[in-house]
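Peer 1: Fold the following.
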Amino acid sequence: MPTTFSAALIKARKEAGFPTAYRFYHDACGASGLKISYRTYLLLEQGKLLPAFKKLHTLLLALHLVTASSPANELVAAWLKSMAGENSYDQLLKPLISAAMDGRGFSPLHKAVKKQLAEQRYYITLAQFRATLTDYDTYLCSVALANDTGVWSAESIAKALKLKVPAAEKAMETLARAKILKRVKKGQYMCPMASMILRYPQLSTVEPELRSRLRGYHNKLIDSGTNLWRQGITIRADSVDFHNFFPLLGQDIETASSYGITERTSTSAIYAVEAKVIKLLDF
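Peer 2: Numbering: from 1, shown residues only. The predicted model follows:
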């Protein structure tokens, strides 16, 4: 029988862009990420099992929820309600956490955009993530080809990205084995997810060496580019309330994908769109 928590978990999973429990467990995290079996996860969604409290943080990360934001608080509150029971929760716990639950969340417009974006996401598996980080040339090919629906050979991608042909050939073979690229015919490849928003696994669930390698490759690529526009602001805000801005900021960044194209034009280019929130000092 469904519980408050199982219903909230299913809702959060679907809003994250995972239409089924199988897709969420296997495509985004799996046993290495959630540290539980698929059978155990199904019991969570069926309301037959409540996860240990220490597992909640892992679930939040796998669902790409920002800790202390309203969406994350909703799932934690649902766990507390299922754990304590409706009456005990309302009488004893709700008064303590109502302030956190009252934080500003998504506007109707943001909710509509969020739903549309969720349908366009493709979550890279951990194995695919490792493959893209085989070396810098493979990473560069994955970034470029994930934004193009055309068919490419090692020679053509090497020319476009200024790589050596053997390096491009090796990179494309690596990506094809990981099913990031599809081999159309001998020596010809295309990316079947090119029209989608690709999301990496939650970085806190992968080994430090991979996180370090991604950071190095990403910074190298960014440093090779040209800074076209920059804007910033310094504000003072309540730390608890301000966490609700993070999911909105993340969604606004993803909305840049509405400008994305998958065919080359005379003025097309690959752009990196980033956002930072830096805590300067307690004040």
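
Peer 1: now stretch 238-251: mean pLDDT?
Peer 2: The pLDDT scores in stretch 238-251 average 85.

Peer 1: brain fart, stretch 139-150
Peer 2: On average, stretch 139-150 scores 96.

Peer 1: Any idea how far apart the tips of it sit?
Peer 2: 18 Å (C-alpha to C-alpha, to the nearest Å).

Peer 1: Please identify the buried residues of it?
Peer 2: Using 16 or more other C-beta atoms under 10 Å as the test for burial, stretch 139-150 gives 139-148. Where you see a C-beta, it was placed from the backbone N, CA and C, and this is true even at glycine.

Peer 1: now do stretch 248-258
Peer 2: Residues 248, 251, 254-255, 257 are the ones in stretch 248-258 that count as buried (16+ other C-beta under 10 Å).

Peer 1: Specify which member of those is nearest to Gly30.
Peer 2: Lowest distance from Gly30 to these (C-beta to C-beta) belongs to Glu254, with 23.6 Å.

Peer 1: secondary structure element for that closest one?
Peer 2: helix 245-255 (DSSP states H and E).

Peer 1: And the residue nearest to Leu93 when sequence neighbours are not counted, its phi and psi?
Peer 2: Once flanking residues are discounted, Leu93 sits nearest to Leu80: 5.5 Å by C-beta to C-beta, 6 or more residues apart in numbering. The phi/psi pair for Leu80 (degrees, to the nearest 10) reads phi -60, psi -40.

Peer 1: which residues does Leu140 contact?
Peer 2: Neighbouring residues of Leu140 by C-beta atoms under 8 Å, 6 or more residues apart in numbering: 161, 163, 171, 217, 221.

Peer 1: give me the element it is part of.
Peer 2: Under the criterion of DSSP H and E, Leu140 resides in helix 136-145.

Peer 1: show me where pLDDT drops low in this structure?
Peer 2: For the chain, the stretches with pLDDT under 70 are 28-29, 98-118.

Peer 1: can you pull out the strands in it?
Peer 2: Under the criterion DSSP state E, the chain carries strands at the ranges 121-123, 182-185, 188-190, 197-199.

Peer 1: So this protein: which segments form each domain?
Peer 2: Following automatic domain parsing, the chain resolves into domains at 4-103, 107-283.

Peer 1: Give me the outermost residue of the chain relative to its centroid.
Peer 2: No residue in the chain sits farther from the centre than Gln91, which is 36.6 Å out by C-alpha atoms, centre = their mean.

Peer 1: So for the residue minimising distance to the centre of the chain, what's the nearest residue that isn't a sequence neighbour?
Peer 2: A centroid search over the chain (C-alpha atoms, centre = their mean) returns Arg199, at 4.1 Å, as the residue closest to the centre. Spatially, and ignoring its direct neighbours in sequence, Arg199 is nearest to Tyr123 (5.0 Å; C-beta to C-beta, 6+ apart).

Peer 1: Can you tell me the number of residues neighbouring that neighbour?
Peer 2: Counted by other C-beta atoms under 10 Å, the residues lying close to Tyr123 total 24.

Peer 1: Is Cys217 in contact with Leu133, as I believe?
Peer 2: Quick fix: residue 217 reads Tyr, not Cys. Yes. The criterion here is C-beta atoms under 8 Å, and Tyr217 meets it with Leu133 at 6.8 Å.

Peer 1: before we move on, the earlier item: most packed of the domains of the chain?
Peer 2: Of all the domains of the chain, domain 4-103 carries the top mean neighbour count, a mean of 17, counting by mean count of other C-beta atoms under 10 Å.

Peer 1: Show me how far that one is from its chain's centre.
Peer 2: Distance, stretch centre to chain centre, for domain 4-103: 17 Å (C-alpha atoms, centre = their mean, to the nearest Å).

Peer 1: repeat for stretch 217-227
Peer 2: Computed by C-alpha atoms, centre = their mean, the separation of stretch 217-227 from the middle of its chain amounts to 21 Å.

Peer 1: Test my guess that the residue nearest to the centre of the chain contacts Arg121.
Peer 2: Yes. Arg199 is in contact with Arg121 according to C-beta under 8 Å; the separation is 5.6 Å.
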